[in-house]
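>>> whatever this is, show me its structure:
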Amino acid sequence: MANGSLLLVLISFLTFPLTFLLTLASHIVHCRRNRHRSAVAFFHPYTNDGGGGERVLWCAVKAIQDDRPDLLCVVYTGDHDASPRSLSARATDRFGVTLLAPPEVVHLDKRKWIEESTYPRFTMIGQSLGSIYLAWEALCKFTPQFYFDTSGYAFTYPLARVFGCKVICYTHYPTISLDMISRVRDRSSMYNNDASIARSGWLSLCKLVYYRVFGWMYGFVGSCAHLAMVNSSWTQSHIEQLWRIPDRTKRVYPPCDTSGLQELPLERPAETPNIISVAQFRPEKAHLLQLEAFSVAINKLDAELPRPKLQFVGSCRNKFDEERLQHLQEKAIELKVGGDVQFYKNVTYRDLVRLLGGAVAGIHSMIDEHFGISVVEYMAAGAIPIAHNSAGPRMDIVLEEDGQQTGFLAQNVEQYADAILKVIRMSETERLKMAAAARRRAGRFSGQRFDEDFKAAVRPILNLASR
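Sure thing, here's the model as predicted:
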């Protein structure tokens, strides 16, 4: 009897993987047979983050609705309070994008598997593998003809292809970049490389191996995309090196609200120069550097010049962002500039435009910012940009226009403080001249330009699949 039980256990153990794979294959075949042949589903688990990625989502939905009205547009979201009507209203109220019809909504219950808090260690690989599980839920609930990732979850692409979807993506920022690998190799401490690891040769070596293995995996899954759109020259360079599909990689600059912002007058109130900072309260946005630079500038300010104000405008995705915002408020008091710093959380689009229209300068300090939509928004609104001297701002945005300087690039607290003082010390004529050149430069990144380039990129995929 014991031998019979042991044999049963052994048979069960040996046949379980085969049974599981057969069940999995049967389920996928069922989903493929029931695939919605006239639908584009956008994988965007966070439809309330308020950042540039969400703007791209709504502009992409609108472009598809305009160019291919026969295709149903669906949004996969982990926000349970999202509805077709509320998302359509959010696109209009927060971003000024009016959809032709509310998108269908597929609610996801397993979003916790891509949340940073779920993976205290090995966050990058944890979130990436977790995204596969979340995409499984999404594709089982609704299997479209076209799977469109607008959030950068490349590990979901092979799965979407197994489900029979054409895979399109818009990549804002590579999950891992060659610059990140270089920083680990050089033992540089940053938001993606803890100081304790940077100080240890052994831990740095282990992390370097981890990054290189992950980089290879990322290159493989990314190569599964039928079309990869990227948002800047910097991102394109990294994606082409990692994914190795240059013929399927297209640069499409993100949609920036240049048309509406360009209607704002270039003249600004002289009594209080406002310096605005528009960014989500995330660690890589380096808000603390901006605050410290502002404090240094205040201490160096000429007595006869008006005292400026720094306005932080951003959204919070979770409790960690809320804690960062709270820390910034406390730090402003510690630096004795609490009365000169204002915080605006989760503002409406209308209020954002109002704040931009009153700013003489816009500050942005993320290292290797893939593009920098907020930098373009500063320029379009007539606020002189002060951006980090790297990646998108340096390669695509803050460049001369008709031989005229359009803004400032900086790398550390002192350089940012000097740039702030230069703007405040400018004569009105000099400021207007630079602001006008910056506004002309911003016109290169308009919503209309995105719409045209986006449609040109996706048409071959959409039309070929519909034949």
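
>>> use CA for all of it now, contacts and neighbours both
Will do.

>>> walk me through the domains of the chain.
Taking automatic domain parsing as the reference, the chain has its domains at 25-255+448-466, 258-445.

>>> element containing the spatially most central residue of the chain, please.
Closest to where the C-alpha atoms of the chain average out (C-alpha atoms, centre = their mean) is residue 53, at 4.5 Å. According to DSSP states H and E, residue 53 maps onto helix 52-67.

>>> cool, and residue 291?
Using DSSP H and E, residue 291 falls in helix 287-300.

>>> just to revisit the earlier point, show me the contact partners of the helix holding residue 53.
Outside of helix 52-67, the residues within contact range by C-alpha atoms under 8 Å, 6 or more residues apart in numbering are 42, 44, 47-48, 71-73, 91, 95, 97-101, 150-151, 172, 254-255, 373, 447, 451, 454-455.

>>> what comes up buried for it?
52-66 (16 or more other C-alpha atoms under 10 Å).

>>> what are the buried residues along stretch 156-164?
Under 16+ other C-alpha under 10 Å, the buried positions of stretch 156-164 are 156, 157, 158, 159, 160, 161, 163, 164.

>>> what's the average pLDDT for it?
Averaged across stretch 156-164, pLDDT comes to 97.

>>> least confident of the domains of the chain, on average?
In terms of average pLDDT, domain 25-255+448-466 trails the rest of those, at a mean of 89.

>>> just the C-alphas of the helix holding residue 53, formatted as CSV.
The C-alpha coordinates for helix 52-67 follow below in CSV (Å, rounded to 0.1, in the frame of the first residue of the first chain):
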residue,chain,number,x,y,z
GLY,A,52,3.9,63.1,-19.1
GLY,A,53,3.3,59.3,-19.6
GLU,A,54,-0.4,59.8,-19.0
ARG,A,55,-0.5,62.7,-21.4
VAL,A,56,1.0,60.4,-24.1
LEU,A,57,-1.7,57.8,-23.3
TRP,A,58,-4.6,60.1,-23.9
CYS,A,59,-3.0,61.7,-27.0
ALA,A,60,-2.4,58.2,-28.4
VAL,A,61,-6.0,57.1,-27.7
LYS,A,62,-7.2,60.2,-29.4
ALA,A,63,-4.9,59.7,-32.4
ILE,A,64,-6.1,56.1,-32.8
GLN,A,65,-9.8,57.2,-32.5
ASP,A,66,-9.2,59.9,-35.2
ASP,A,67,-7.2,57.7,-37.6
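
>>> next SSE after that helix?
Per DSSP H and E, the first helix or strand lying C-terminal to helix 52-67 is strand 72-77.

>>> go through the next helix or strand after that following strand and flag the buried ones.
Per DSSP H and E, the first helix or strand lying C-terminal to strand 72-77 is helix 84-95. Neighbour-count burial for helix 84-95 flags 84, 87, 88, 89, 90, 91, 92, 94, 95 (criterion: 16+ other C-alpha under 10 Å).

>>> touching, the second one and residue 102? I think so.
Yes: using C-alpha atoms under 8 Å, residue 87 is in contact with residue 102, at 7.3 Å.

>>> pretty sure residue 381 contacts residue 439?
Yes: between residue 381 and residue 439 there is a contact at 7.0 Å, judged by C-alpha under 8 Å.

>>> give me the common contacts of those two.
Both residue 381 and residue 439 are contacted by residue 262, under the criterion C-alpha under 8 Å, 6+ apart.

>>> who has more neighbours out of the two?
residue 381 (34 against 25; other C-alpha atoms under 10 Å).

>>> chain neighbours aside, what residue packs nearest to the more buried one?
Excluding its sequence neighbours, the residue lying closest to residue 381 (C-alpha to C-alpha, 6 or more residues apart in numbering) is residue 261, at 4.7 Å.

>>> do the same with residue 380
Spatial nearest neighbour of residue 380, excluding adjacent residues (C-alpha to C-alpha, 6+ apart): residue 439 at 4.5 Å.

>>> now do the same contact list for that neighbour.
Contacts of residue 439 (C-alpha under 8 Å, 6+ apart): 262, 379, 380, 381, 382.

>>> change it to 7 Å
Residue 439 is in contact with 262, 379, 380, 382, counting by C-alpha atoms under 7 Å, 6 or more residues apart in numbering.

>>> how many neighbours does the second one have?
Meaning residue 379. Counted with other C-alpha under 10 Å, the neighbours of residue 379 add up to 31.

>>> right, and it touches residue 385 too?
Yes: with contact defined as C-alpha atoms under 7 Å, residue 379 counts as touching residue 385 (6.3 Å).

>>> is it true that residue 262 touches residue 379?
No: assessed by C-alpha under 7 Å, residue 262 is found out of contact with residue 379, at 8.8 Å.

>>> show me where the stretch 201-350 of the chain has strands.
Along the stretch 201-350 of the chain, the stretches classed as strands by DSSP state E, counting those that start in this stretch are 227-230, 249-251, 274-278, 309-314, 341-345.

>>> what's the angle from the third one to strand 341-345?
Same thing as strand 274-278. Relative orientation of strand 274-278 and strand 341-345, computed by axes from the mean of the first three to the mean of the last three C-alpha atoms, to 10 degrees: 40 degrees.

>>> and strand 274-278, what does it pack onto?
Other helices and strands packing on strand 274-278, by 3 or more C-alpha pairs under 7 Å, 6 or more residues apart in numbering; DSSP states H and E, are strand 309-314, strand 359-363.

>>> same question, the fourth one
Strand 309-314 makes packing contacts with strand 274-278, strand 341-345 when contacts are defined by 3+ C-alpha pairs under 7 Å, 6+ apart.

>>> in its sheet, what does the first one sit against?
What that stands for is strand 274-278. Using DSSP bridges, strand 274-278 pairs in its sheet with strand 309-314 (parallel), strand 359-363 (parallel).

>>> ok, back up a step: so how far is the helix holding residue 53 from its chain's centroid?
14 Å (C-alpha atoms, centre = their mean, to the nearest Å).

>>> show me the contacts for residue 114.
By C-alpha under 7 Å, 6+ apart, the contact set of residue 114 is 127, 130, 131.
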